[in-house]
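In: here are the coordinates; sequence isn't available:
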């Protein structure tokens, strides 16, 4: 019987062995890859130190010297080898010889024992001997050429950007910027650059890009265009400084503004014109679209809403106070009116643009009492007009003083910094108090850190701080001045502490018993309604322009004093670590509880330090030296927190400075009717007008 062959199981067609399976193949690939990666890692780990040792001991000695390469390049530019004073050898040859000599010299000191850093130092010493005067001049020439080339390239790119964003006012260009036919327009000179940037920031935060900023001087034009902000040249020829409300320059600026309105109307856009001290908090275009028939919509200085919290035009003439031209909408039909407005103000430079607008708009006006949209006809019935709701397009008094938006629980469209004091610094501070200002980093984190304190006003001063007689007489002001003077004494101590500790003071909120205006009143401006006492803006009490904002001679008035608004630590930009690391300063009475002597730096207990009351300035500095690193020192009270200056000369300087920080309250029905605040009201003194006081009392003038 023939031997049988081993039986082999036949595999079905299309079947494969285990070794041929995709899973096995993939596993094999992954395994090989893993081994390769492991090998590379091992090679890197072991080989790296070996390579660098070999490099340092062998290769590094034979590397070409970059200094020699640069010298040779310069010699080629000079047209041949530079002749040195030693035997006519070229600079490169001399350098090579010196390098060789240096190497030979180095070998005598056993190079194998020198570190890589020491070898590099030897080469540096050799290079220093190679840098002769002519070579250095050539090197500097090449460097200057390189910088000049870069500067030209930068200037070329900058020129392109400026050209793109410095808009020529043509119909095509303006229509491209406008959206749905609406265009926001403001104007500024370089002095108001920070206002312009805040104005822009608020629009951009609403995703609004349909705006143009008129540049009243070349400086702001360049800055805006470089920052890719659409701008246009007004070629105003006016000052680059503060316009000064009511000044001839202010009047000229107003005429430029009105001409802008006509220019844009001719370019077929609906112009939303606003002063640069207006901050836009919401997109107003949807509101304007509800009134498509209106030719002009204007804000007003009225102080009491006729429509409550409803988003609709004010009732006219109930809201019949002066129209304010800081926020307005103009449509094409109003062009003839605007041209007449321009003619009137250009015919007499003493006519204020806002007065002229009011006169023309109200001339031959036709009241429409039954109109559901509260329109009225102005300019002899030729224009359909309306007054913007004052709670939503708010004046400075409505927003900052009455805080009508908080009372009504609404979100305004815009805020205009009117009804304020202390000029431009006063406007800036109002916006800061409301958290509406675009801050610079150095404002958020100044050198030296901050000091703050809790104000403790006795309840009886709050209860009696309002009007006493409800008449426009001096007796009506007594409670108000009692209330404010208590806070001025606290603030005086705080400024003294900020001065000796070289810190920035965060103001507390000020409580006022009476409003402030430019005319006599019995507590509140006629036509306004809000509760007294109230938290008043700092410019009601402090002179932010000619007092705190002025740079005084430090030899006469001591160090400059900086401050921040009372809401500063509530702003979103305020560093969280400042709050978390704040040190509480507890002012204590000796002999009452724990109150250590002031003979050593204070001991930090968790996050607080005890400070004995009524200490002299040098003692305070010593006690608080242990927390000089803290970003924020927060005093629990200002009562007794500061005794006096150790050096009498420092007290004299501080006295002079504080004499200028108080503003005025206005007004009783008298001439003069204003009364000056006095930081030294509680001690016998001579005020800044030379008046001697033994006991201070409210007194009008000078």
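Out: Yep, it's here. Since the model is a prediction, treat every value here as computed from it, not as a measurement. Numbers count the residues shown, from 1 in each chain.

In: residue 480 - that's part of a strand, no?
Out: No - counting by DSSP: H, G, I helix; E, B strand; the rest coil, one finds residue 480 to be helix, located in no strand.

In: ok, residue 161 touching residue 226?
Out: Yes - Residue 161 is in contact with residue 226 according to Cβ atoms under 8 Å; the separation is 6.3 Å. (Each C-beta comes from the backbone N, C-alpha and C, glycine too.)

In: next SSE after the helix or strand containing residue 219?
Out: Residue 219 belongs to helix 218-226 when assigned by DSSP states H and E. Sequence-wise, the next helix or strand downstream of helix 218-226 (DSSP H and E) is strand 231-233.

In: quick one: buried residues of that next one?
Out: 231-233 (16 or more other Cβ atoms under 10 Å).

In: what's it packed up against?
Out: strand 211-215, helix 218-226 (3 or more Cβ pairs under 8 Å, 6 or more residues apart in numbering; DSSP states H and E).

In: same for the helix holding residue 219, what does it pack against?
Out: Helix 218-226 packs on helix 133-165, helix 193-205, strand 211-215, strand 231-233, going by 3+ Cβ pairs under 8 Å, 6+ apart.

In: tell me which residues of it come out buried.
Out: By 16+ other Cβ under 10 Å, the buried positions in helix 218-226 come out as 220-225.

In: nearest to residue 267, of the buried residues of strand 231-233?
Out: residue 232 (11.4 Å; Cβ to Cβ).

In: okay, which residue is most central for this protein?
Out: By Cα atoms, centre = their mean, the chain has its centre lying nearest to residue 439, at 1.8 Å.

In: how much space separates it from residue 446?
Out: Note on residue 439: its distance to residue 446, by Cβ to Cβ, to the nearest Å, is 11 Å.

In: need phi/psi at residue 319.
Out: Main-chain dihedrals, residue 319, degrees, to the nearest 10: phi -90, psi 70.

In: quick one: residues contacting it.
Out: Going by Cβ atoms under 8 Å, 6 or more residues apart in numbering, residue 319 touches 300, 302, 304-306, 387, 390.

In: got these as JSON lines, with pLDDT and distance to residue 328 columns?
Out: Listed next are the contacts of residue 319 as JSON lines, based on pLDDT from 0 to 100; distance: Cβ to Cβ, whole Å:
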{"residue": "300", "pLDDT": "98", "distance to residue 328": "11"}
{"residue": "302", "pLDDT": "97", "distance to residue 328": "15"}
{"residue": "304", "pLDDT": "97", "distance to residue 328": "21"}
{"residue": "305", "pLDDT": "97", "distance to residue 328": "19"}
{"residue": "306", "pLDDT": "97", "distance to residue 328": "19"}
{"residue": "387", "pLDDT": "98", "distance to residue 328": "11"}
{"residue": "390", "pLDDT": "97", "distance to residue 328": "14"}
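
In: for those residues, work out which two are farthest apart.
Out: For the contacts of residue 319, the farthest-apart pair by Cβ to Cβ is 304 and 387; their separation is 12.5 Å.

In: so those two - more neighbours on which side?
Out: residue 387 (27 against 17; other Cβ atoms under 10 Å).

In: could you find the closest non-adjacent residue to the more buried one?
Out: In space, and not counting its chain neighbours, residue 387 is closest to residue 314: 4.1 Å by Cβ to Cβ, 6 or more residues apart in numbering.

In: with residue 322 as the reference, name the closest of the helices and strands packed on strand 231-233.
Out: Closest among these, using Cβ to Cβ: strand 211-215, at 24.5 Å.

In: and the average pLDDT for that closest one is what?
Out: When pLDDT is averaged over strand 211-215, the result is 95.

In: I'd like to know which elements that strand is packed against.
Out: Applying 3+ Cβ pairs under 8 Å, 6+ apart, one finds that strand 211-215 contacts helix 171-177, strand 182-188, helix 193-205, helix 218-226, strand 231-233.

In: cool, thanks, talk later.
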